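[1] Show me how the following folds:
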Amino acid sequence: MLDAIRWDSDLIRRYDLAGPRYTSYPTAAQFGSQVSSFDLLHALRDSRKALKPLSLYVHVPFCANICYYCACNKVITKDRGRAHAYLQRLEQEIQLIGCHLDPAQRVEQLHLGGGTPTFLSHDELRQLMAKLRQHLNLMDDDSGDYSIEIDPREADWSTMGLLRELGFNRVSVGLQDLDPAVQRAVNRLQSLEETRAVIEAARTLQFRSINIDLIYGLPKQTPDNFARTVEEVINLQPDRLSVFNYAHLPERFMPQRRINSLDLPNPEQKLAMLQGTIEQLTAAGYRYIGMDHFALPDDELAIAQEEATLQRNFQGYTTHGHCDLIGLGVSAISQVGDLYCQNSSDLNHYQNTLADGQLATSRGLVCNADDRVRRAVIQQLICHFILAFAEIEQRFNIDFRDYFASSWPQLQVMADDGLIELTDTHLQILPAGRLLVRSICMVFDAYLEQQNRQRFSRVI
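    As a prediction, the model looks like this:
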């Protein structure tokens with residue numbers, strides 16, 4: 001079975017390294033200032049000529065309250081009026097981008113993230129979606145995958161009804177943990193009842209898919225109290241679950257300095273939480289997709305993995321990897337052909353640049369020939385756990401063994417350890433290696449030795 005996992009504590013401890021999550025290769029750590037808005041416009045021209053379908057990510061950075069664990073690009077404010085100036089510039093960006101696309105390019109996927117997208121008022125959400133529909137070819141038949149991140153403390157039945165009316169058919173609900181002591185330690189008080197109400201509303205309103213986010217490794221968590229959270233979440237029956245490892249990096253993320261490091265579970269407790277969670281979810285019928293993600297067998301991600309069509313991009317696992325991804329808003333990342341580019345992460349700089357009539361592209365990269373080979377290898381492993389060398393050789397006109405000769409000894413060690421099966425024709429990640437897929441992908445990362453691994457979370 002694709003979702004089979006074998007738990008091996010010894011292997012996990014040995015291979016639990018800090019490394020990228022590979023929502024792209026090369027990763028955002030390689031982005032540089034040599035890429036500008038001119039490169040984006042050039043890439044959009046090629047996308048327009050090819051009539052590529054589109055995936056949109058729209059970043060809404062505002063939150064009314066701070067969650068101490070959060071590492072997202074955000075603005076904490078109680079002043080709802082602060083969204084007005086931002087939306088003006090965001091709508092200007094939508095218009096500028098729309099001018100360089102063909103009306104025939106359909107938006108197959110849309111995701112509103114943050115921050116807290118429902119920080120916006122109902123009128124502001126209507127206005128934003130109207131602007132998107134005015135300048136981009138959003139689908140009206142409910143066949144696209146249009147999702148939004150929901151904080152149950154910022155949404156009610158009327159909000160959910162509005163979102164469904166505006167065309168959203170998927171929701172991702174932030175939960176993290178249900179234990180009151182854990183919630184107090186991270187400053188996110190959120191009851192099970194609030195969460196259940198939003199999920200019941202989504203089901204009644206016929207949203208197509210519900211995802212719930214959990215985090216293990218937070219302060220005050222124990223294997224026992226996290227197991228109770230997982231049990232309650234299973235009772236909510238989400239279609240998908242994301243179970244993330246909390247990375248405590250207070251030197252990089254200021255809000256995390258409010259967390260008492262003495263309250264954090266130790267590595268053994270974190271491993272016990274993950275192992276218990278996998279056992280609970282597997283017993284409840286969820287399949288391990290990879291990289292912290294689980295889904296029910298009839299979910300599109302699980303089906304795509306079975307059919308070997310699953311892909312991965314800056315929005316995570318997706319069935320829309322064939323689309324050009326356009327990021328809108330502060331810090332948003334685009335992937336158009338071989339171009340990766342990111343908007344300025346500074347809110348004032350983003351707004352001021354657009355006020356001057358310019359796109360806010362601040363950094364990025366253009367993939368070279370080697371990047372394309374390694375990107376294909378990593379994508380195949382992280383989505384499907386198996387790599388046929390002949391497919392890569394034919395696609396890129398290389399000899400796989402020769403091209404990756406320097407990686408072969410490391411792969412052989414992994415094979416000897418039982419993480420992978422390595423032959424002359426293929427590499428397959430075995431059940432003992434599936435939780436460590438990031439560590440296996442790192443073998444193919446040409447940039448990893450040049451960068452500071454402290455910027456990355458650990459694999460487990």
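
[2] Can you list the buried residues in stretch 162-175?
    Within stretch 162-175, the residues that qualify as buried are 162-164, 166-175, counting by 16 or more other CB atoms under 10 Å. Placement of C-beta: from N, CA and C, glycine included.

[3] Of these, which is the nearest to Arg203?
    Relative to Arg203, the closest of those is Val171; by CB to CB it sits at 10.1 Å.

[4] ok, the closest one touching Asp151?
    No. With contact defined as CB atoms under 8 Å, Val171 and Asp151 do not form a contacting pair (10.9 Å).

[5] Which elements pack onto the strand or helix carrying Leu381?
    For Leu381, the host element (DSSP states H and E) is helix 369-384. On a contact count with 3 or more CB pairs under 8 Å, 6 or more residues apart in numbering; DSSP states H and E, helix 369-384 meets strand 311-313, strand 386-388, helix 389-396, helix 437-442.

[6] most packed of those?
    helix 437-442 (a mean of 23; mean count of other CB atoms under 10 Å).

[7] Name the residues that touch that one?
    15-17, 19-22, 290-291, 378, 381-382, 385, 414, 419-420, 429, 433, 448, 459 (CB atoms under 8 Å, 6 or more residues apart in numbering).

[8] Please apply the same query to stretch 179-192.
    Outside stretch 179-192, the residues touching it (CB under 8 Å, 6+ apart) are 65-69, 151-153, 175-178, 218-221, 225-226, 228-229, 232, 258-260, 263.

[9] One more pass at 10 Å, please.
    Contact partners of stretch 179-192, identified using CB atoms under 10 Å, 6 or more residues apart in numbering, comprise 65-70, 151-153, 173-178, 197, 215, 218-222, 224-226, 228-229, 232-233, 235-236, 246, 255-256, 258-260, 263-264.

[10] Buried ones among those?
    67-70, 151-153, 173-178, 197, 215, 218-221, 225-226, 229, 233, 236, 246, 255-256, 259, 264.

[11] Now do the buried residues in the helix or strand encompassing Ala181.
    Using DSSP H and E, Ala181 sits in helix 180-186. Going by neighbour count (16+ other CB under 10 Å), the buried part of helix 180-186 is 182-183, 185-186.

[12] Let me have the residues you listed in CSV, extended by distance to Gln109.
    Shown next, in CSV, are the buried residues of helix 180-186 (distance: CB to CB, whole Å):
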residue, distance to Gln109
Val182, 33
Gln183, 32
Ala185, 35
Val186, 30
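
[13] Nearest to His111 among those residues?
    Val186 (24.2 Å).

[14] Look up how far Asn65 lies from the closest one.
    Applying CB to CB, to the nearest Å, the value for Val186 to Asn65 is 11 Å.

[15] swap in Leu422?
    Taking CB to CB, one finds Leu422 at 49 Å from Asn65.

[16] Ok, Thr353 next?
    Per CB to CB, Thr353 is found 29 Å from Asn65.

[17] go on, His135?
    33 Å.

[18] so what's Ala355 closest to, chain neighbours aside?
    Once flanking residues are discounted, Ala355 sits nearest to Arg89: 6.6 Å by CB to CB, 6 or more residues apart in numbering.

[19] Helices along the stretch 251-400 of the chain, start to end?
    Here the stretch 251-400 of the chain has its helices, by DSSP state H, counting those that start in this stretch, at 267-283, 300-306, 347-355, 369-384, 389-396, 400-403.

[20] Against which helices or strands is the third one packed?
    Taking 3 or more CB pairs under 10 Å, 6 or more residues apart in numbering; DSSP states H and E as contact, the helices and strands that helix 347-355 lies on are helix 82-98, strand 339-343, strand 361-366.

[21] List the contacts of Leu136.
    54, 56, 94-95, 97-98, 101, 103, 105-107, 110, 326, 328.

[22] give me every residue that touches the residue nearest to Ala355.
    Arg89 neighbours (CB under 10 Å, 6+ apart): 329-330, 347, 350-355, 360.

[23] of the residues you listed, buried ones?
    Buried by 16+ other CB under 10 Å: 329-330, 347, 350-351, 353-354, 360, out of these.

[24] Pick out the most distant pair among those residues.
    Gly329 and Thr353 (12.6 Å).

[25] any residues in contact with both of these two?
    89, 93, 343, 360.

[26] Looking at those, spot the one nearest Lys49.
    Lys49 has its nearest neighbour among those in Glu93, at 22.0 Å by CB to CB.

[27] wait, isn't the closest one in contact with Leu128?
    No. Between Glu93 and Leu128 there is no contact under CB atoms under 10 Å: 11.5 Å.

[28] Report pLDDT for the nearest residue to Arg434 once chain neighbours are set aside.
    Nearest non-adjacent residue to Arg434, counting by CB to CB, 6+ apart: Ile5, 5.2 Å away. If you check Ile5, the pLDDT there is 84.

[29] Next up, the contacts around the nearest residue to Ala284 once chain neighbours are set aside.
    Of all residues not flanking Ala284 in the chain, Ile234 sits nearest, at 4.7 Å (CB to CB, 6+ apart). Shown in contact with Ile234 (CB under 10 Å, 6+ apart): 212, 241, 280-281, 283-286.

[30] what does Pro223 give?
    216, 265, 268-277.

[31] now it: how far from Val107?
    Taking CB to CB, one finds Pro223 at 43 Å from Val107.

[32] Mean neighbour count, the helices and strands packed on helix 347-355: which tops it?
    strand 339-343 (a mean of 25).

[33] Can you list the helices and strands that that strand packs against?
    helix 37-50, strand 324-328, strand 333-336, helix 347-355, strand 361-366.

[34] List the pairing partners of that strand within its sheet, with orientation.
    Its sheet considered, strand 339-343 pairs with strand 333-336 (antiparallel), strand 361-366 (antiparallel) by DSSP bridges.

[35] Tabulate these (TSV), appending mean pLDDT.
    Shown next, in TSV, are the strands paired with strand 339-343 (pLDDT from 0 to 100):
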stretch	mean pLDDT
strand 333-336	97
strand 361-366	97
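
[36] Ile210: neighbour count?
    Number of residues near Ile210 (other CB atoms under 10 Å) recorded here: 21.

[37] quick one on the thing from earlier: help me confirm that the residue nearest to Arg434 is found in a helix?
    No. With DSSP: H, G, I helix; E, B strand; the rest coil as the criterion, Ile5 is coil rather than part of a helix.

[38] what's the burial count for it?
    Around Ile5 there are 16 residues (other CB under 10 Å).

[39] repeat for the one 4 residues further on
    The burial metric for Ser9, expressed as a neighbour count using other CB under 10 Å, is 11.

[40] what do you get for the one 5 residues further on?
    Arg14 is surrounded by 13 other residues when neighbours are defined as other CB under 10 Å.

[41] again, but for the one 5 residues further on
    Around Gly19 there are 19 other residues, counting by other CB under 10 Å.

[42] Quick check: it vs Leu436, distance?
    Plainly put, Gly19 is 10 Å away from Leu436 if you go by CB to CB.

[43] Great, nothing more from me.
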